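>>> return atomic coordinates for the entry below.
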Amino acid sequence: MSIQVQNIIKVYGTQKALDSISFEVGDNEIVGFLGPNGAGKSTMMKILTCYIPPTHGTAKVGGFDISHQSIDVRKQIGYLPEHNPLYLDMYVKEFLEFAGNLHKIAQCGKRVKEMIELTGLQLEQNKKIGALSKGYRQRVGLAQAMIHDPKVLIMDEPTTGLDPNQLEEIRGLIKALGKQKTVMLSTHIMQEVEAICDKVIIINKGVIVANDDTKNLRRNSTRQIITVEFDKVVSEELLKTIPEIDVVRSLEHNTWQLMSSSKADVRKEIFNFAVANHLGVLTLNKEEQKMEDVFKQLTK
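From the prediction side, this is the model:
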C-alpha cells in the first residue's frame, strides 16, 4: 500500500478536526478525498505530507512512518496545496530549476524540460510566474510537485480556476499519472471525481462516511430517481399517493421526476398506479445516481 492511515486524530484546542481516521490507498490508484468545507480534508493532507503532526495515530507513505521518518516520507511525495505557493518574481523555468536543485536531481535541466512539456508550459517557460494566469500557475505548481518523480502525488483542489479546456488537459494528465503513481486529490467538482477517480473517500465532520469505488457508491445508494411520462394529465397530489415515493417534481407536460428512499425497486408501484388510474406510461427511466447525489446524502 502506498498510503496507510491508522486511527489518526487531530485536535486544535477543544476542536477535534479528525476523529480516528483510518484508510489505505493502493499503488497506482487515483483516490478522490471529498468532504464539505471544514470537514478535515486539508488537515489530513497536511499530516500525510508532514506539514503538521497528528495528535494521535500513525500513518505511512511508501512504507515510511510520518512521525519517525518524515524526510523519507517527503521524498516519496509530490504536494500541490490548495493555495499554490509560488515565487512570483521568478521565471517559470528558473523556478523549476530551483525546485529541482532543492531535490538534488541529477541532470536537472533535462528533468525541467520534461516537466515543462508534460504540463504544457512551453510557451510560458520564459515568463515571470506573476504574469501568468491562475490556470498556468496551477500547471507550474503541478510541475514543481512532480519534478523529483515522486511515487505519491497529493493535490488539494488541483483544478481550481482552470477554464474548460485546461480542465480537460489537467484531468487527462492526472489520469495518465495514475497509471504510474498513486494520486490522492481533494476536489469539490463531482464530475471530476467520476471522470478520473478509481476510488472515493468521503469525510464529514472529521469522520469517514464512505470509502469505496465510485460505481459501488452510486449503486449502493438507497435513493432512486425515476423519470416517467404519462399519456394524460395527472396531479401532483395523486402522484404522492404512490407507495414509497418521497418527492414529486414536475419537469414538463405530463412528465414527472419521482424520488424514493426505498431499497425496493419502485417502478412496479408506478406501473400499478398507472393501471389503477387508467394512465398510459409513454416513457419510464430509472436514473443512475450521480456522485453529487451520493455526496449530498452522506454529508447532510
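>>> partners of the residue most central in space within the chain in the sheet?
Here the mean C-alpha position of the chain is nearest to the C-alpha of Gly32 (CA atoms, centre = their mean), at a distance of 3.3 Å. In this entry, Gly32 is beta-bridged to Leu185, Val200, by DSSP bridges.
>>> correct me, but it touches Glu194?
No - if you go by CB atoms under 8 Å, Gly32 and Glu194 don't touch, sitting 9.0 Å apart. Every residue, glycine included, has its C-beta placed from N, CA and C.
>>> need the residues touching each of these two.
The contact sets of Gly32 and Glu194 overlap at Thr214 (CB atoms under 8 Å, 6 or more residues apart in numbering).
>>> gap between the residue lying closest to Val233 once chain neighbours are set aside and Ser67?
Closest residue to Val233 apart from its sequence neighbours, by CB to CB, 6 or more residues apart in numbering: Asn254 at 6.2 Å. Computed as CB to CB, to the nearest Å, the Asn254 to Ser67 distance reads 63 Å.
>>> for this protein, which segments count as helices?
Along the chain, counting by DSSP state H, helices occupy 41-48, 70-76, 92-102, 108-118, 134-146, 164-177, 190-196, 214-220, 236-239, 267-276, 291-299.
>>> ok, back up a step: can you give me the distance of the residue nearest to the centre of the chain to Lys110?
According to CB to CB, Gly32 and Lys110 sit 33 Å apart.
>>> same question, Gly130
Distance, Gly130 to Lys110, using CB to CB: 26 Å.
>>> can you check Tyr136 too?
Distance, Tyr136 to Lys110, using CB to CB: 22 Å.
>>> repeat for Tyr87
Separation of Tyr87 from Lys110 (CB to CB): 22 Å.
>>> of the two, who's got more company?
A count of neighbours by other CB atoms under 10 Å puts Tyr87 above the other of Tyr87 and Lys110, at 14 against 11.
>>> OK, contacts around the more buried one?
By CB under 8 Å, 6+ apart, the contact set of Tyr87 is Phe95, Phe98, Ile129.
>>> again, only this time at 10 Å
Glu94, Phe95, Phe98, Ala99, Lys128, Ile129, Gly130, Val140 (CB atoms under 10 Å, 6 or more residues apart in numbering).
>>> and the two most separated of the residues you listed?
Spatial extent of the contacts of Tyr87 (CB to CB) is set by the pair Ala99 and Gly130 at 16.7 Å.
>>> okay, these two: which has more neighbours?
For Ala99 versus Gly130, the count of surrounding residues by other CB under 10 Å is larger for Ala99: 23 against 12.
>>> measure that one to Gln257 for me?
Counting by CB to CB, the gap from Ala99 to Gln257 is 51 Å.
>>> give me the pLDDT for the residue nearest to the centre of the chain.
pLDDT for Gly32: 93.
>>> how close does it sit to Glu157?
Taking CB to CB as the measure, Gly32 falls 12 Å from Glu157.
>>> what touches both of these two?
By the contact definition CB under 10 Å, 6+ apart, Gly32 and Glu157 are jointly contacted by Leu185, Ser186, Thr187, Ile189.
>>> can you list contacts of the helix-or-strand element of the chain with minimal mean pLDDT?
Ranked by mean pLDDT, DSSP states H and E, the weakest helix or strand in the chain is helix 214-220, scoring a mean of 73. Here helix 214-220 makes contact (CB under 10 Å, 6+ apart) with 32, 190, 193-200, 202, 210-213, 263, 288-291, 293-295, 297-298.
>>> returning to what we had before: what's the local residue count around the residue nearest to Val233?
There are 15 residues near Asn254, going by other CB under 10 Å.
>>> now do the contacts for it.
For Asn254, the contact set (CB under 10 Å, 6+ apart) comprises Val228, Glu229, Phe230, Asp231, Lys232, Val233, Val234, Leu279, Leu282.
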